[in-house]
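J.: prediction below, plus the sequence it came from.
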2 protein chains.
Amino acid sequence: MQMIFVVYEGMTALDAVGPYEILSRLPGARVTFAGVHAGPVRTDTGALSLVAERALADCDAPDLVLVPGGPHVAAQTSDTALHDWLRAVDPATTWTTSVCTGSLILAAAGLLRGRTATSHWLALDRLPAYDVTPSPRRVVRDGKYVTGAGVSAGIDLALTLAATIAGPAVAQTIQLATEYDPQPPFTAGSPASAPPELVSHLRANAHLVMST
Amino acid sequence: MQMIFVVYEGMTALDAVGPYEILSRLPGARVTFAGVHAGPVRTDTGALSLVAERALADCDAPDLVLVPGGPHVAAQTSDTALHDWLRAVDPATTWTTSVCTGSLILAAAGLLRGRTATSHWLALDRLPAYDVTPSPRRVVRDGKYVTGAGVSAGIDLALTLAATIAGPAVAQTIQLATEYDPQPPFTAGSPASAPPELVSHLRANAHLVMST
């Protein structure tokens, strides 16, 4: 299975690296990190660059595509080169997937029209503009389109997908190999569970997390 | 706070990228990815390269060091250039940390002598050779040395550390911003919880996960 992990300037690294660490362990996985141009791509904090091994134009028949998100929504929803590539390859993919605001990229490319998808909780209200029904769930599958919520949700998305692709025993073996036995020290990872004052704080200061 | 995330050929990407995504959001965090040499470093699957922005020799006074693990244990425990740097900077760090078999690197450098640490569950039995008491816990703090279990445990380690460094409200805000509300589709992330036959399978085939 040929998997393309899309990278672009300003993306959030964990959005791609989390699911990559799971899906790359599937039997027969052939993983390529690719961007509009080949070469290093600086992620959102400016401190970490991931290398696009190939240009997207040289990746013409992926079975699975994963699009990460990032804080710079306007840049993502106007990246026509990326959108053009997504539209070109999507008809032949088995799975078209995203993490975090990567769903806004799929949506802006027109691939999620009439479908249900998730996104970072602070970005869910942007989906209807693209004729997409937002869901607050952590992993949403609508046909071959699988979208994950913010940043860390890509790991759960990938395990879910791994089980669908290769069966639950393989997915569980990967979970055990990556020791994914999460024990967060707080219960604050979603607006439904976090202390309300922190949710209000981030909503009021969404620019700290995401720019329009 | 100056944070150095160590990278090296054959490391596991998520070991570093998970905690980076948390710790880089701490107020005042100054994050650098650094390797023995500056430049791209190919991670364990061969599909993803992370860029070392600087050479370790140019990073002489980190407040926090994080050392990731990887499947090639022998290479890690004999990397004298990395060990020399760790020994040189460790006396002045506030926190010296590792994820997965990164603890074997700290141990091989002699930094954990007489201490308790964790590691990937398949590598715990290698710690006593370095006079380190293994713990199966997911995050272990012994003084300023904080070690995490396999691969994905770095996220929990980082949130724990974020709370200690900046207080629980900041840590919870970062958890909410990264939407870390884990919902793994299976309970198979530790040898204590995974189906016993999968644990036996990985123990018998540890070479699939880790090489000596």
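T.: Received it, and whenever you're ready, just let me know what you need.
J.: now do the helix ranked longest in chain A against helix B:153-166, angle only.
T.: Here the longest helix in chain A is taken by residue count, with DSSP state H as the criterion, and it is helix A:153-166. Taking axes from the mean of the first three to the mean of the last three C-alpha atoms, to 10 degrees, one finds that helix A:153-166 is oriented at 170 degrees with respect to helix B:153-166.
J.: could you pull out the buried residues of the helix or strand following helix A:153-166?
T.: Tracing the chain past helix A:153-166, the next element assigned as helix or strand by DSSP states H and E is helix A:168-177. Within helix A:168-177, the residues that count as buried by 16 or more other C-beta atoms under 10 Å in any protein chain shown are A:168, A:170-177. The C-beta positions use only the backbone N, C-alpha and C, and glycine is treated the same way.
J.: what about dumping the CA coordinates of helix A:168-177 to CSV?
T.: Once side chains and other backbone atoms are set aside, the C-alpha atoms of helix A:168-177 remain, and they are given as CSV (Å, rounded to 0.1, in the frame of the first residue of the first chain):
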residue,chain,number,x,y,z
PRO,A,168,-7.6,-5.9,14.8
ALA,A,169,-4.7,-8.2,15.7
VAL,A,170,-2.3,-6.3,13.5
ALA,A,171,-3.5,-3.0,14.9
GLN,A,172,-3.2,-4.2,18.4
THR,A,173,0.3,-5.5,17.8
ILE,A,174,1.3,-2.0,16.4
GLN,A,175,-0.3,-0.4,19.5
LEU,A,176,1.8,-2.7,21.7
ALA,A,177,5.0,-2.1,19.8
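J.: is any part of it close to chain B?
T.: Yes - interface with chain B: helix A:168-177 contributes A:168-169, A:171-173, A:175-177 (C-beta under 8 Å from any C-beta of the partner chain).
J.: same for that helix, what does it pack against?
T.: With contacts taken as 3 or more C-beta pairs under 8 Å, 6 or more residues apart in numbering or on different chains; DSSP states H and E, helix A:168-177 sits against helix A:153-166, helix B:196-204.
J.: mean pLDDT, distance to residue A:36 and mean neighbour count for these - can I get that in JSON lines?
T.: Output for those, formatted as JSON lines (pLDDT from 0 to 100; distance: least, C-beta to C-beta, whole Å; neighbours: other C-beta atoms under 10 Å in any protein chain shown):
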{"stretch": "helix A:153-166", "mean pLDDT": "98", "distance to residue A:36": "21", "mean neighbour count": "25"}
{"stretch": "helix B:196-204", "mean pLDDT": "94", "distance to residue A:36": "39", "mean neighbour count": "14"}
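J.: need the ones you listed in a markdown table (columns: distance to residue A:116).
T.: Shown next, in a markdown table, are the helices and strands packed on helix A:168-177 (distance: least, C-beta to C-beta, whole Å):
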| stretch | distance to residue A:116 |
| --- | --- |
| helix A:153-166 | 15 |
| helix B:196-204 | 33 |
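J.: tell me which of those sits nearest to residue B:18.
T.: Across the helices and strands packed on helix A:168-177, residue B:18 has its closest neighbour in helix A:153-166 (8.9 Å, C-beta to C-beta).
J.: for chain A, where's the lowest mean pLDDT among helices and strands?
T.: Taking mean pLDDT, DSSP states H and E as the measure, the helices and strands of chain A show their lowest mean at helix A:73-77, namely a mean of 89.
J.: just give me how far it sits from the chain centre.
T.: On the basis of C-alpha atoms, centre = their mean, to the nearest Å, the separation between the geometric centre of helix A:73-77 and that of its chain is 14 Å.
J.: quick one: is it near chain B?
T.: No - when contact is scored as C-beta under 8 Å from any C-beta, no part of helix A:73-77 falls within range of chain B; the minimum is 14.7 Å.
J.: how about that helix: buried residues?
T.: By neighbour count with 16+ other C-beta under 10 Å, helix A:73-77 contains the buried residues A:73, A:76-77.
J.: what does stretch A:183-193 give?
T.: If you call a residue buried by 16+ other C-beta under 10 Å, then stretch A:183-193 has these buried ones: A:183-186, A:188-191.
J.: from the residues of helix A:168-177 next to chain B, pick the one nearest residue B:111.
T.: Closest approach between the residues of helix A:168-177 next to chain B and residue B:111, by C-beta to C-beta: residue A:177, at 26.4 Å.
J.: my read is that residue A:125 contacts residue A:134, right?
T.: Yes - Residue A:125 is in contact with residue A:134 according to C-beta atoms under 8 Å; the separation is 6.9 Å.
J.: the two: which is more packed in?
T.: residue A:134 (20 against 10; other C-beta atoms under 10 Å in any protein chain shown).
J.: tell me the contacts of that one?
T.: Residue A:134 makes contact with A:116-119, A:124-125, A:127-128 under the criterion C-beta atoms under 8 Å, 6 or more residues apart in numbering or on different chains.
J.: can you do 7 Å?
T.: Residues near residue A:134 by C-beta atoms under 7 Å, 6 or more residues apart in numbering or on different chains: A:117-119, A:124-125, A:127-128.
J.: bridge partners for it, pull those for me.
T.: When bridges are taken as DSSP bridges, the partners of residue A:134 come out as residue A:117.
J.: got a pLDDT number for it?
T.: The predicted local distance difference test score for residue A:134 is 98.
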